[in-house]
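1. how would this look folded up:
(4 chains)
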Protein chains: 2
Amino acid sequence: MTTKKATIKDVAREAKVSIASVSRVLNGLGGVTAETQDAVRKAAAHLHYVPDSAARSLITGRTHTIGAVLPDLYGEFFSELIRGIDLAARARGLHLLVSSSHDGVEDATAAVRTMRGRVDGMIILSQFVDGEFLDRNLPSDLPAVLLDSPVDNPRYPSINIDNIAGAQAMVKHMLDAGHESVAFITGPAGNYDAQEREKGYRAAMAQHAPKAPLQIITGDFTEESGYRAGRELLAQARRPRAVFAANDMTAVGCLYAFKEAGIRVPEDIALAGFDDILIARYVSPSLSTVSVSIADLGKSALLLLTELMEGKGPQGSNTRTLRCDVVVRESCGAHQTNVATKHPPALV
Amino acid sequence: MTTKKATIKDVAREAKVSIASVSRVLNGLGGVTAETQDAVRKAAAHLHYVPDSAARSLITGRTHTIGAVLPDLYGEFFSELIRGIDLAARARGLHLLVSSSHDGVEDATAAVRTMRGRVDGMIILSQFVDGEFLDRNLPSDLPAVLLDSPVDNPRYPSINIDNIAGAQAMVKHMLDAGHESVAFITGPAGNYDAQEREKGYRAAMAQHAPKAPLQIITGDFTEESGYRAGRELLAQARRPRAVFAANDMTAVGCLYAFKEAGIRVPEDIALAGFDDILIARYVSPSLSTVSVSIADLGKSALLLLTELMEGKGPQGSNTRTLRCDVVVRESCGAHQTNVATKHPPALV
DNA sequence: CTGAAAGCGCTAACAT
DNA sequence: ATGTTAGCGCTTTCAG
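-> The predicted model follows:
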């Protein structure tokens, strides 16, 4: 029955009441007799009436939509993140407007600005966004939560992955497994996660293997960079016994470099990554890694955002940290059973 | 400088012109002197003015937003799909509203209905959506394109993956490689892609190995189902020499069942999947598969949708089919170099 | 309990 | 070339 657009007036006429009553009924505001209710509901159903959200937004100032600004939509991380956000959002009756593919300040600015008026709140993950940026581009009454950001602005709470602790735990694990030193392959320079993971590596080395020299190779989170780093590592005079890569893709690339050179993992060199992407389970040997519940990150962000939207300012600290867990598989040479314990989602 | 909400009136006042002139300048409608232009732009910039999209939508009837209704956001397929849609959308200045996680007719209905008025067009991928559904739930003037759908409704064009041809090509490839018969692991019963792939399998067998008996095991696109199917296959009196799974995850599960049983792939049994997910490249042996350019699917959908939105009815056929390509890796035993040829995106 | 009426911020006639 | 004005569909006082 191909629906045309019926307005509130049409419903009012059909129900023989005023538009005000229609509005009251449809918004459950009460103050209407059962008969009026009935008439309105019948008329609305009959006409397939759906309120115009633009008109409603115009007057209420609410859109029931939240915006997600991300650098990209590519890969497991963002996929999971959006999924977590979406799940939590629709559970609260909120729509999700996504904006991605911005790799510069201008793009980020445009993304944030064009969302103004279209959303009631924003979740932002971007290395180009800082407190000053937000103050300049966001209306003061538009709540926003930052993901994976060093920003510490009282107005914009942020949720971060506990990269430092995760990296530290993994390095300690490898050290404990008997490898006297661990080499590290970094992520891209500007990336906050990458920086934190390196910090964790350094901290763990300083604490648990203070005499061992630090071997740090530059990578950029890509498989290719891992491959190059792997070759570089093999070419060194002092070939490492264990390697910790800043993320899984890098570790996988490194693994291929080792395989190609006939180096056995973990017998000759132990290896570990970070993220616990799906592939980690499937490479041979399976990759030990640090797992992050990305969907929980998205969910937490949305929850925090809705609190903000309801006026509850972030109580106490405005920065939350999401726990990471070491997942021991074959590549790190700790010879354990291959079953990664399922940890419940948890905010530290 | 924490922006408050400036309206068109504020800009008009600041620029000492009428709101009409402001509108004209900001919408590039011409009929304004350079001076007015200047004054308006300065004022707008100064006040950080951003037009209220709700108000604009209310009067123009356009939202510059397109909606994507998907069953889920999980996994590579949807991630890539959204990415393709998003890329094409933002290239045209369109926003993307996503809605997912509906696995029932009610959910789908709610998703589609709540998007009414919020979007200028929709891209829908759902097994619960058919022509009748759309006629009942979509305003007649809201364009929509269907993905992976058997619906053949002149009002709703659809874009499909050429599952039949892809499956057929893969089965033929395996047959040509010397395996006299190929077993098949199906996907979930209600899934359109899965059905088409099975059709392709049957067609290829009928054409190229008419005397070989058909071995068909039930699966459901999950790794577990593939694992079970693999064990089932091994338990059979007539152990197959080649297995084609309806998707990659199933093939991976099957691969693990074989490994566990000490069966070598491809020496003892050849194996192939469908989708070319990232993992396919990383399992050992690497998985031969049928590749689909999912991002292109999303892009094509958006392009088709914008044509519709611009009033160009779909000329000629209203169903397009996206080509698939056989990717030969190690698991199918065709001993070729491991380099998958890069095909340009192409609509058949 | 219900209806009339005033806008929300903007665009698009219609005047000037 | 510029300004005035009438709504777009809806919520929300404010009267009755």
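2. Quick one: the strands in chain A, in order.
-> Counting by DSSP state E, chain A has strands at residues A:65-69, A:95-99, A:121-124, A:144-147, A:158-161, A:183-185, A:215-217, A:242-245, A:270-272, A:289-292, A:319-322, A:324-327.
3. what stretches of the stretch 1-150 of chain A score poorly on pLDDT?
-> Low-confidence segments of the stretch 1-150 of chain A, defined by pLDDT under 70: A:1-4, A:101.
4. For DNA strand D, what's its nearest residue on it.
-> residue A:8 (2.9 Å; C-beta to the nearest atom of the strand). All C-beta atoms are positioned from the backbone trio N, CA, C, and that covers glycine.
5. Just list the residues touching that residue, thanks.
-> Contact analysis of residue A:8 by C-beta atoms under 8 Å, 6 or more residues apart in numbering or on different chains lists A:19, A:22-23, A:49, A:51.
6. Residue A:96 too?
-> Counting by C-beta under 8 Å, 6+ apart, residue A:96 touches A:65-68, A:82, A:85-86, A:89-90, B:97-99.
7. Could you do residue A:188 as well?
-> Residue A:188 makes contact with A:194, A:220-221, according to C-beta under 8 Å, 6+ apart.
8. Without its sequence neighbours, what residue ends up closest to the residue of the stretch 151-300 of chain A found nearest chain B?
-> Residue of the stretch 151-300 of chain A nearest chain B, by C-beta to the nearest C-beta: residue A:284 (4.4 Å). With C-beta to C-beta, 6 or more residues apart in numbering or on different chains as the criterion, residue A:284 has its nearest non-adjacent residue at 4.4 Å, and that residue is residue B:284.
9. ditto for residue A:44
-> Computed as C-beta to C-beta, 6+ apart, the closest residue to residue A:44 that is not its neighbour in sequence is residue A:11, at 5.1 Å.
10. And residue A:173, how far from residue A:64?
-> Noted for residue A:173: a distance of 45 Å to residue A:64, by C-beta to C-beta, to the nearest Å.
11. neighbour-wise, which of these two wins?
-> Set side by side, residue A:173 and residue A:64 show more neighbours around residue A:173, with 21 against 17, by other C-beta atoms under 10 Å in any protein chain shown.
12. Leaving out sequence neighbours, find the closest residue to the more buried one.
-> Residue A:173's closest residue in space is residue A:326 (C-beta to C-beta, 6+ apart), at 5.5 Å.
13. what about the one you found, neighbour count?
-> Around residue A:326 there are 24 other residues, counting by other C-beta under 10 Å.
14. list the contacts for it?
-> A:166, A:169-170, A:173, A:288-291.
15. Then residue A:94?
-> A:64-66, A:120, A:302, A:306.
16. Identify the farthest-apart pair in these.
-> A:64 and A:302 (13.3 Å; C-beta to C-beta).
17. Return the residues in contact with the nearest residue to residue A:12 once chain neighbours are set aside.
-> In space, and not counting its chain neighbours, residue A:12 is closest to residue A:19: 4.4 Å by C-beta to C-beta, 6+ apart. For residue A:19, the contact set (C-beta under 8 Å, 6+ apart) comprises A:8-9, A:11-12.
18. now the contacts of residue A:8: which count as buried?
-> A:22-23, A:49, A:51 (16 or more other C-beta atoms under 10 Å in any protein chain shown).
19. Which of those fall in helices?
-> A:22-23 (DSSP state H).
20. Closest to residue B:149 out of the buried ones among the contacts of residue A:8?
-> Nearest to residue B:149 among the buried ones among the contacts of residue A:8 is residue A:49, at 27.8 Å by C-beta to C-beta.
21. what sits against the closest residue to the closest one other than its chain neighbours?
-> Excluding its sequence neighbours, the residue lying closest to residue A:49 (C-beta to C-beta, 6+ apart) is residue A:6, at 4.6 Å. Listed by C-beta under 8 Å, 6+ apart, the contact set of residue A:6 reads A:47-50.
22. Torsion angles phi and psi at residue A:6?
-> The phi/psi pair for residue A:6 (degrees, to the nearest 10) reads phi -100, psi 140.
23. re earlier: now, the most widely separated pair of the buried ones among the contacts of residue A:8?
-> Largest separation among the buried ones among the contacts of residue A:8 by C-beta to C-beta: A:23 and A:49, giving 11.7 Å.
24. need the contact list for residue A:7.
-> Here residue A:7 is in contact with A:49, A:52 (C-beta under 8 Å, 6+ apart).
25. ok, 10 Å please
-> Neighbour list for residue A:7: A:13, A:19, A:22, A:47, A:49, A:51-52, A:55 [criterion: C-beta atoms under 10 Å, 6 or more residues apart in numbering or on different chains].
26. now do residue A:85
-> By C-beta under 10 Å, 6+ apart, the neighbours of residue A:85 are A:66, A:68, A:70, A:94, A:96, A:98, A:123, A:147, A:295, A:297-302, A:305, B:73, B:98.
27. and the closest residue to it other than its chain neighbours, how many neighbours does it have?
-> Closest residue in space to residue A:85, ignoring its immediate chain neighbours: residue A:298 at 3.9 Å, by C-beta to C-beta, 6+ apart. Here the number of neighbours of residue A:298 (other C-beta under 10 Å) works out to 26.
28. ends of stretch A:122-135, how far apart?
-> Using C-alpha to C-alpha, to the nearest Å, the end-to-end distance of stretch A:122-135 comes out at 14 Å.
29. near chain B, anything from it?
-> Yes. Stretch A:122-135 reaches chain B (C-beta under 10 Å from any C-beta of the partner chain) through A:132, A:134-135.
30. Only the buried residues of that stretch, if you could.
-> A:122-129, A:131, A:133-134.
31. Out of these, which is nearest to residue B:239?
-> Residue B:239 has its nearest neighbour among the buried residues of stretch A:122-135 in residue A:125, at 49.9 Å by C-beta to C-beta.
32. residue contacts, the closest one?
-> Applying C-beta under 10 Å, 6+ apart, we find residue A:125 in contact with A:68-72, A:77-78, A:81, A:100, A:145-149, A:158-159, A:192, A:297-298, A:301.
33. Would you mind listing which of the residues you listed are buried?
-> Buried, going by 16+ other C-beta under 10 Å: A:68-71, A:77-78, A:81, A:100, A:145-149, A:158-159, A:192, A:297-298, A:301, out of the contacts of residue A:125.
34. For the stretch 101-250 of chain A, which segments count as helices?
-> Residue ranges of the helices in the stretch 101-250 of chain A, as given by DSSP state H, counting those that start in this stretch, are A:105-115, A:131-137, A:163-176, A:192-208, A:223-235, A:248-260.
35. Comparing these, which stretch has the densest surroundings?
-> Mean neighbours per residue, mean count of other C-beta atoms under 10 Å in any protein chain shown, is largest over these for helix A:248-260, with a mean of 24.
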